[in-house]
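*Asks:* Sequence and predicted structure are below.
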Amino acid sequence: MSSDDAPSEARGSSPVETQRKSATLQETERIQAGPGPGRGPMGGGMVGQKAQTFVPSVKRILGRMRPERTKAVLVVLLAVVSVMLTAVGPRILGHATDLIFDGLIGRSFEPGTTKGQVISALRERGEDRQADMLASMDFVPGQGVDFDAVRNVLLTVLAIYLAASLLAWLQGYLLNDVVQNVVRRMRSDVEDKVNRLPLSYFDRQPRGELLSRVTNDIDNVSQTLQQTMSQLLTSLLTVVAVLGMMLWISPLLALVALASVPVSLLLTKQVMSRSQGLFITQWRKTGTLNAHIEETFSGHDLVKVFGRRREAEARFAAENDELYTASFGAQFVSGLIMPLMMFVGNLNYVLVAVIGGLRVASGSLSLGEVQAFIQYSRQFTQPLTQVASMTNLMQSGVASAERVFELLDAEEEVEDAPSTGARGSLRGEIRFEDVAFAYDPERPLIRDLSLVAEPGSTVAIVGPTGAGKTTLVNLVMRFYDVDHGRITFDGVDITTLPRTELRSRIGMVLQDTWLFEGTIRDNIAYGRPGATEAEILEAATATFVDRFVHSLPDGYDTLIDENGSNLSAGERQLVTIARAFLADPVLLILDEATSSVDTRTELLLQKAMAALRSDRTSFVIAHRLSTIRDADVIVVMEDGAIVEQGTHDALLAAHGAYARLYDAQFAAGLTPDAV
Amino acid sequence: MLLRLLRTHLAPYKRWLAAVAVLQFVGTVAALYLPSLNADIIDKGVVTGDTGYIVSRGLEMLGISLVQIVCSVVAVYFSARTAMSFGRDVRSAIFHRVGSFSNREVQQFGAPSLITRETNDVQQVQTFVLTAGTFLVAAPIMLVGGLVMAVREDIGLSWLVAAVVPVLIGCVAFVASRMVPYFRKVQTRIDEVNRLLREQITGVRVVRAFARERHEADRFAVANDELTSVATSAGRWMATMFPTVMLVINVSSVAVLWFGGHRVDSGEMQVGALTAFLSYLMQILMSVMMGTFALIMVPRSAVCADRIVEVLDTDSSVVPPVDPVTAVDVHGRLELDGVEFSYPGAEQPVLRDVSFTAEAGRTVAVIGSTGAGKSTLVNLVPRLFDVTGGTVRVDGVDVRRLEPDLLWSTIGLIPQKAFLFSGSVADNLRYGKVDATEDEMWAALEIAQAADFVRAMDGGLEASIAQGGTNVSGGQRQRLAIARAVIKRPEIYLFDDAFSALDLATDARLRAALAPVTRDATVVIVAQRVSTIRDADLILVLEDGVVVGRGTHDELLADCTTYQEIVASQLSAEEAA
């Protein structure tokens, strides 16, 4: 954003032109910025993607300004008045030039004669041309410049300019408020939406894609609004106002100036249609190069040890060259707009100067008018180019807005049940009754599943990947709702409970050890808002977080960065366990939670977990049978159905699916004679 | 730093830059000549009514316009060329430099940061070069040219220029100085808002599981409001910029007419000169504004340049030998002799006095708790780090003296984080062996217990793998990483906790299949499960970077307490009976 005001080659004479040029530059820069790192493959699709439903989307964006409509209307009014005043300025300034010219001419004749006498004297001498010119002028022979008149004119102009600037400032000020509020609301709507989307949305949508929508796209919309709104408004108004002024001064010259419009548009279109393609190529190449860089840097050690540095460098060099070629082309072609427009402007300038000069000479136009006209014709082509050069930016912005709207329009979670209020003391009995569920209606995953978890018992779920173990957890948490049957918590159908109420009774440690950016203490405290320091420490000690925390430079105040890369996988998992511990839930869910902790830590953890589980119902999902052998019930799942359930010993004795699983691990594991 | 970076990497393009300067100069002079011709039209043509003169001067103006456009176009060509070449060269320099880094430097910067520097930062500076090439070069030329022409038109009015220029500079600089700090703040706040959104999405399950939606929404609302507040302030200053500039320019045009009018009246100046003077003043003011705006870019580019130079100035802690040993009779004998490793500035070394010898055909296992230094130990062999004490020797030669390619060709590394490259399964296997045949690939996959799932994948060997291998499960990723090393048939295998995501049965099958392949090779296995390593010829028990036990499984069971604890923990888990 800070470069919106980036400079530009300007040789013209109005602030409008500078604005216009800076718009082109911003665009160049934005496009160059390309999909950056971290944006990975996601940023790429945005540019060049034509906004498919451009007009409705623009309407929708404008519709989002409704809460600020008073201000918005005011902005338009202010802009109209300010542009009109600015447009009138050169015309009046032209009068001053005329007055000076009149004085100059007047002085060159003898005092005492009249204007009529001077002209007829000239005609007698056969100087008809000059006579024609003078006839249209307002001079008194022998009298110099009437500075009182000039002063009055100039003071008027000064007042007009001052007013125009003031109004323009006010307009910009208010518009900024409007735009910022629109963007703020859009962000907050999106955030709100994220919280109301069903989990299936997150599972369906590639994460990077969604992230790109809520970050890159919103940023893009915000920048587009900030950069184009004000300029678009004033540019369009300026075109109209200036055209009006030109027609007023001289319809003939106005036609000359108007002729430059189609020429400018055509040139701009030609250049932009070429540069658009080149910019797309540049973006694509930037994307591929960035992907290669990301991969090579992330897999740095492997690239080295597998002796692939040379290949990586060769590929980099090739892609780097391609990017160079593409971006050079894009920059060069798009850089042509400015000189070309300048040339059209100059052609126009020359034509106006020559035709205007001829007209003045023939007396049908005053010199001041020509001077004003030259200024107008310059102001005229500029906003046109400005609008033209903003189309790229606008297209990209609208495309982004559409992607954001798509997200905002996505289907939300089923409305929550109202809170019953009555909680009483919870026992933690979970009952699955004939539950059926499918993520994809075509492929039923869970069928006729019935299961009872008695209060305080530990239910272990085992089975191969894809058997539906994690799905059970998703259903209990109401991340998904059952298709058939029901799940009850202490006898109450969970769909009749508000989600937050249900979830606040459940503590969960997930496979994915998500931590947020903040201190270790904050991350543990996340489990229970308002937990005291002592409680946090207790949870940390019970889950062995305390042990490694002391080896960290800042102890509990150590900041966990976004990817938590300053903690090992095991340590991260310990923190998530501490978090669940602190939550002190009625029901505990451990989803393969201990798989990345070394076995000694795991043993300690299991002890802590046993204590944690002692008076609450627990569901444990684990690959290692070792973690669940003391469970009250072991449920063996295969293909979405329970094939066996019972205690470890009972299941072993039954020589069924569990026994086979156990034997497989047992055979591979330690044999008793090892000890 | 910015200057140094520019000086170094723009040096090859000096000629192009000179061409840009010359062209800009000619173009500017041409542009400056136009108002003067216009003045002639008025003073000599219009006043005397000489239409022939008006037309001929008009044609002259046209010709000069042509010169100007040609100059501008060619200047754009060269400045685009220069800027893009600069970008390409700097990217290349960084890439090359990072390639030479050891893991230590990569960790020190962090891969994501290196990526940002290589991409965004370079682009930022590149844009600056492009802008500078066009505007910073043109602005002074136009300023000086405008001044000269204005003074030539009428020296008596030149004091006006001297008065107006500082006023404009002052106004623009004042507004800019208020604006820029806000822009910086806006960027941080945007990052913050985006981070929160990213957290909410990546952690959606946790947020919902802990029913913390309200809390997240509040956190976000605060960040969003903060962002809006600074963005509004920044925008307000920005909204001040153009009306201010407009006012200064418009007021000065009024002043020119007033003071110029008097000079015209007293006969010291011609009317046409007045109009021309006005044009020149505008041009001067424009160039001042342009220059000021271009300079606003400097601080941001300077930050980026600093970050780039930081990378370019960092030397790798692992340098290739000056006089490398290029030929060794490779058997794979691996010796660690009193090895010590510590990070610079760290209080305690990660590894202390670790020694062992692994003969070809032998298996050495390293076990210990998280953070004991196991991975570091493994990484010392392929020189991803260099020891800070002691030596690592392969076949009797210090690894630091071996030709790196030779060293790496003897090693098959299976890292803890099984990173796969984007491309197909086959592409990844070719990392191990460039010219691997399909049969060799399948054989390696069979050994790694990966053949079944690869066969089931859409496309088999040609099935595509996403960057990092995120489209296959952790266990599958590990097995593919193993296959990639196996196909290489190295003399030394380094398994860095490479079996952790495998279930015990697969683990056992895999090790059984590996045994014949690794018969003549040296194998180093880092593991957490005793079952994975109990058959090793030598087991090292590592604790806090120190070897606390060494021997075979049975020996350690007899006399190493730490090992006994580890075994006990797993035995009680796996088979307490």
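*Replies:* Perfect, I can see it now.
*Asks:* Excluding chain neighbours, what is closest to residue B:509?
*Replies:* In space, and not counting its chain neighbours, residue B:509 is closest to residue B:449: 5.6 Å by CB to CB, 6 or more residues apart in numbering or on different chains. Placement of C-beta: from N, CA and C, glycine included.
*Asks:* Double-check that neighbour against residue B:513; I have them as touching.
*Replies:* Yes. With contact defined as CB atoms under 8 Å, residue B:449 counts as touching residue B:513 (6.9 Å).
*Asks:* Looking only at neighbour counts, state which of the two leads.
*Replies:* residue B:449 (25 against 15; other CB atoms under 10 Å in any protein chain shown).
*Asks:* Can you pull the phi/psi pair for the more buried one?
*Replies:* Backbone torsions for residue B:449, taken as degrees, to the nearest 10, come to phi 60, psi 30.
*Asks:* Just the pLDDT for it.
*Replies:* pLDDT recorded at residue B:449 is 90.
*Asks:* and it, what does it touch?
*Replies:* Applying CB atoms under 8 Å, 6 or more residues apart in numbering or on different chains to residue B:449 gives the contacts B:479, B:502, B:506, B:509-510, B:513.
*Asks:* now it: how far from residue B:487?
*Replies:* With distances taken as CB to CB, to the nearest Å, residue B:449 is found 14 Å from residue B:487.
*Asks:* which residues of the stretch 101-250 of chain A score low on pLDDT?
*Replies:* Low-confidence segments of the stretch 101-250 of chain A (pLDDT under 70): A:129, A:206-208.
*Asks:* rerun at 90
*Replies:* In the predicted model, the stretch 101-250 of chain A carries pLDDT under 90 at residues A:101-153, A:194-250.
*Asks:* Now it against chain B: closest residue?
*Replies:* residue A:172 (2.9 Å; CB to the nearest CB).
*Asks:* and that residue, what does it touch?
*Replies:* A:230, B:238-240, B:242-243.
*Asks:* What separation is there between it and residue B:181?
*Replies:* Taking CB to CB, one finds residue A:172 at 20 Å from residue B:181.
*Asks:* how is chain A carved up into domains?
*Replies:* A:56-408, A:426-505+A:587-601+A:623-665, A:513-584 (automatic domain parsing).
*Asks:* quick one: the first one to chain centroid distance?
*Replies:* On the basis of CA atoms, centre = their mean, to the nearest Å, domain A:56-408 sits 25 Å off its chain's mean C-alpha point.
*Asks:* Surely residue B:539 is within a strand?
*Replies:* Yes. Looking at residue B:539 with DSSP: H, G, I helix; E, B strand; the rest coil, it is inside a strand.
*Asks:* Make sure it is actually in contact with residue B:368.
*Replies:* No. Using CB under 8 Å, residue B:539 makes no contact with residue B:368, being 10.3 Å away.
*Asks:* three-state assignment of residue A:450?
*Replies:* Going by three-state DSSP: residue A:450 is strand.
*Asks:* Around it, how many other residues sit close by?
*Replies:* Residue A:450: 11 neighbours (other CB under 10 Å).
*Asks:* now do residue B:438
*Replies:* 11.
*Asks:* ditto for the one 10 residues further on
*Replies:* By the measure other CB under 10 Å, the count of residues near residue B:448 is 27.
*Asks:* What is the neighbour count of the closest residue in space to it that isn't next to it in sequence?
*Replies:* Spatial nearest neighbour of residue B:448, excluding adjacent residues (CB to CB, 6+ apart): residue B:483 at 3.7 Å. Residue B:483 is flanked by 27 other residues according to other CB under 10 Å.
*Asks:* near chain A, which residues of the stretch 301-450 of chain B show up?
*Replies:* With CB under 8 Å from any CB of the partner chain as the criterion, the stretch 301-450 of chain B meets chain A at residues B:368-371, B:379, B:382, B:384, B:405, B:408-409, B:411, B:413, B:415, B:419, B:421-422, B:431-432.
*Asks:* Select from the residues you listed every entry located in strands.
*Replies:* Secondary structure from DSSP state E places B:368, B:411, B:413 of these in strands.
*Asks:* Give me the nearest residue to residue 552, chain neighbours excluded.
*Replies:* Chain wasn't specified; assuming chain A. Closest residue in space to residue A:552, ignoring its immediate chain neighbours: residue A:558 at 4.4 Å, by CB to CB, 6+ apart.
*Asks:* my bad, chain B
*Replies:* residue B:539 (6.6 Å).
*Asks:* Write out the residues of the stretch 401-550 of chain A neighbouring chain B.
*Replies:* Looking at chain B, the residues of the stretch 401-550 of chain A close enough under CB under 8 Å from any CB are A:465, A:477, A:479, A:499-501, A:503-504, A:506-508, A:510, A:512, A:514, A:516-517, A:526-527, A:529, A:548.
*Asks:* Put the buried members of those residues into a ChimeraX selection.
*Replies:* To isolate the buried ones among these in ChimeraX, judged by 16 or more other CB atoms under 10 Å in any protein chain shown, type:
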select /A:477,479,499,501,503,504,506,507,508,510,514,516,517,526,527,548
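*Asks:* Restricted to helices, list the residues of the stretch 401-550 of chain A next to chain B.
*Replies:* Counting by DSSP state H, those place A:499-501, A:503-504, A:548 in helices.
*Asks:* Next, count neighbours for residue A:77.
*Replies:* 12.
*Asks:* Kindly report the same for residue A:262.
*Replies:* For residue A:262, the count of nearby residues is 9 (other CB under 10 Å).
*Asks:* Got the phi and psi for residue A:639?
*Replies:* Dihedral angles for residue A:639 - degrees, to the nearest 10 - are phi 50, psi 50.
*Asks:* From residue A:446, how far off is it?
*Replies:* 9 Å.
*Asks:* shared neighbours, those two?
*Replies:* residue A:468.
*Asks:* and the two? which has more neighbours close in?
*Replies:* More crowded of residue A:639 and residue A:446, by other CB under 10 Å: residue A:446, with 25 against 14.
*Asks:* I appreciate the help and will end here.
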